[in-house]
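Asker: One predicted model, sequence on top.
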Amino acid sequence: EDQVTQSPEALRLQEGESSSLNCSYTVSGLRGLFWYRQDPGKGPEFLFTLYSAGEEKEKERLKATLTKKESFLHITAPKPEDSATYLCAVHTYSGNTGKLIFGQGTTLQVKP
Amino acid sequence: KAGVTQTPRYLIKTRGQQVTLSCSPISGHRSVSWYQQTPGQGLQFLFEYFSETQRNKGNFPGRFSGRQFSNSRSEMNVSTLELGDSALYLCASSSQGNQPQHFGDGTRLSIL
C-alpha cells in the first residue's frame, strides 16, 4: 500500500536555528513529490515539485531535496513567519491519475 | 490570476441533511480534485474530475459524490450527513493530473 510518513510531527525552533523536515514514502511508482505549506484556516499553498532522485529546488529560506526513499525540506535561518504546517504529498503511477497521497504534516513553530 | 475559489467558507448542518459545496478552479485548469481534511486522518483524496468525467475516486462511501461542468467548475455533494463528516473540504485544480495542484481555502463543514 502506498504510504507517506512525515517526521517530526511538531518542531519548535528559535529564529535563525536551521533544521530539516523529513518525508519518507513507500509507493509503487513515484511520478512526483510535492511540498505544501498550510497556515491555520487556509488551504495548502504549493511550494515545490520534485520528480527524480537527486533533484533539488530552492525558494528563499527553503530547500527541498529528493532521494529514492525520502525527501527533505531544509529551512535555513527561519523567521517567525515561516511558522506553519508543512505537508508532503506524492503522486504515483498506480493508475490513480491526479490523486495525491499526503503525509500527516509537520507543524513548525519559529520563536523570535 | 485568480486562485481556486470555494463556496461557502463555512456551513453548519444537522445529521441526515445533505449539502452541496462549490469549487471554481483556476482559469484554464481542467482537473479538479476534492479532499477531506480532519485532525485525525489528515488530507484524504475524495475524487478527481477532468473534462466533466470522474477519473478517480477515493475510499469514501457513495454518499459522497461530485460533478464537473463544461466550464470546469465542480460541485461536491454529501447526502445523509453523519457527525463524522465534519471536516474541512478542500478543492484543488491543476492543468493536468500530474501537475502541481493548487488549493482553495476550503469549506468548513460542521455537523450538529
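Answerer: Everything's here; your move.

Asker: CA atoms for contacts and neighbours, from now on please.
Answerer: OK.

Asker: Identify the residues contacting A:Pro8.
Answerer: Each residue near A:Pro8 by C-alpha atoms under 8 Å, 6 or more residues apart in numbering or on different chains is listed here: A:21-22, A:106.

Asker: lowest average confidence, helix or strand, in chain B?
Answerer: Within chain B, no helix or strand scores below strand B:53-57, which has a mean of 90 by mean pLDDT, DSSP states H and E.

Asker: Buried residues in it, which are they?
Answerer: Residues of strand B:53-57 classed as buried: B:54-57 (neighbour count, 16 or more other C-alpha atoms under 10 Å in any protein chain shown).

Asker: and what of stretch A:36-49?
Answerer: In stretch A:36-49, counting by 16+ other C-alpha under 10 Å, buried: A:36-38, A:43-49.

Asker: what residues does it touch?
Answerer: Against stretch A:36-49 from outside (C-alpha under 8 Å, 6+ apart): A:32-35, A:57, A:64, A:84-89, B:90, B:100-106.

Asker: Need the distance between the two termini of that stretch.
Answerer: Start and end residues of stretch A:36-49 are separated by 9 Å (C-alpha to C-alpha, to the nearest Å).

Asker: circling back: run the chain-centre distance for the least confident helix or strand of chain B.
Answerer: Relative to the mean C-alpha coordinate of its chain, strand B:53-57 is positioned 13 Å out (C-alpha atoms, centre = their mean, to the nearest Å).

Asker: Can you give the strand pairings for it, parallel or anti for each?
Answerer: Strand B:53-57 has the following sheet partners, assigned by DSSP bridges: strand B:42-50 (antiparallel).

Asker: Return the partner strand as CSV; C-alpha atoms alone will do.
Answerer: The C-alpha trace of strand B:42-50 is given here as CSV (Å, rounded to 0.1, in the frame of the first residue of the first chain):
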residue,chain,number,x,y,z
GLY,B,42,-5.2,14.4,7.6
LEU,B,43,-5.8,15.0,4.0
GLN,B,44,-7.7,12.2,2.2
PHE,B,45,-8.5,12.1,-1.5
LEU,B,46,-12.2,12.0,-2.4
PHE,B,47,-12.3,12.2,-6.2
GLU,B,48,-10.9,13.8,-9.3
TYR,B,49,-12.7,15.2,-12.3
PHE,B,50,-11.2,16.0,-15.7
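
Asker: Show the average pLDDT along it.
Answerer: Strand B:42-50 carries an average pLDDT of 94.

Asker: What strand or helix carries the residue positioned nearest the centre of chain B?
Answerer: The centroid of chain B falls nearest to B:Trp34 when counting by C-alpha atoms, centre = their mean (3.4 Å). Secondary structure assignment for B:Trp34, by DSSP states H and E: strand B:31-38.

Asker: Flag every buried residue along that strand.
Answerer: Residues of strand B:31-38 classed as buried: B:31-37 (neighbour count, 16+ other C-alpha under 10 Å).

Asker: What of stretch B:103-112?
Answerer: B:103-111.

Asker: hang on, the earlier thing: could you point out which element follows the least confident helix or strand of chain B?
Answerer: strand B:64-68.

Asker: pretty sure B:Gln37 is touching B:Ser86, no?
Answerer: No - under the criterion of C-alpha atoms under 8 Å, B:Gln37 is not in contact with B:Ser86, lying 9.3 Å apart.
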